[in-house]
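Asks: Structure, please.
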Amino acid sequence: MATSIQLEETEKLIMLSHTRIKICTSILFVAFTASCSAKTPIELENGEVVDNCTSYNKLRESFTIKESTVNSQISSEYLECSIKKELVDTENSASVLDAIKGNLRVRKLPLSIAQSVNRKDTFNDAGFNVDLKLNSLNYEMNNSNIVISLKGRLTESEYLIWIVDEVLDATYRSYYPAIIKIAKDGMVTASPYYNSGF
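Replies: Okay, here's the model as predicted:
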């Protein structure tokens with residue numbers, strides 16, 4: 001037969017469990033709310049304005065972002081719209097980043113430094129460095145800050161990357177997702193994430 005002390009301990013454990021459940025529920029609610037919350041409105045080239053990933057992803061298949069300084073800055077909020085359930089962690093991040101650095105030409109992506117490098121220059125030639133802690137290729141020269149982040153694997157040979165391209169002494173800002181494909185022979189190609197382009 002349970003003693004009064006044992007009953008008190010049991011009641012305390014039950015109360016603690018209920019508290020933990022409430023905390024976990026609150027955390028899940030906050031996370032869900034954050035993922036569904038509206039973003040800063042952004043205008044596409046067809047004139048439509050959206051403020052959420054569902055509408056953005058749908059329209060971006062047909063239309064690019066309208067060119068403006070404000071839209072360029074806002075577009076960083078919409079990078080996360082490219083994260084989908086099909087995306088999985090990249091187990092071989094180092095080799096993927098090395099392949100991009102050594103085998104992909106800089107001009108295959110619409111970067112601010114594209115015209116300042118030779119036509120056949122790779123990211124290695126241009127001076128990009130691998131940062132394994134951040135899973136990225138980084139470039140910081142001549143007032144340019146460019147980060148190419150490896151976000152995960154889409155298929156056996158395709159990977160999602162995010163590009164942050166900023167000219168620090170000007171208003172130029174560009175943020176967009178892209179797909180990197182690494183063939184079995186080592187050839188690396190880049191293509192827009194959305195059908196409408198970068």
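Asks: so where is the chain shaky, pLDDT-wise?
Replies: The model of the chain has pLDDT under 70 over residues 1-37.
Asks: Setting the sequence-adjacent residues aside, check what's closest to the residue positioned nearest the centre of it.
Replies: The centroid of the chain falls nearest to Trp162 when counting by C-alpha atoms, centre = their mean (4.5 Å). Excluding the flanking residues, the one nearest Trp162 by C-beta to C-beta, 6 or more residues apart in numbering is Ser149, at 4.5 Å. From N, CA and C alone the C-beta is placed, and that goes for glycine too.
Asks: That neighbour against Val164, yeah?
Replies: Yes - applying C-beta atoms under 8 Å as the test, Ser149 and Val164 come out as touching, 7.4 Å apart.
Asks: Helix, strand or coil: sort out the residue nearest to Trp162 for me.
Replies: strand (DSSP: H, G, I helix; E, B strand; the rest coil).
Asks: so the residue nearest to Asp89 when sequence neighbours are not counted, which of the three states?
Replies: Leaving aside its chain neighbours, Asp89 sits nearest to Gly152 (5.8 Å; criterion: C-beta to C-beta, 6+ apart). Three-state assignment for Gly152 (three-state DSSP): strand.
Asks: Count the residues that sit near the residue nearest to Trp162.
Replies: Using other C-beta atoms under 10 Å, Ser149 has 18 neighbouring residues.
Asks: quick one: it and Ile182, what's the gap?
Replies: Between Ser149 and Ile182 the computed distance is 16 Å (C-beta to C-beta, to the nearest Å).
Asks: what separates Lys133 from Ile100, distance-wise?
Replies: 17 Å.
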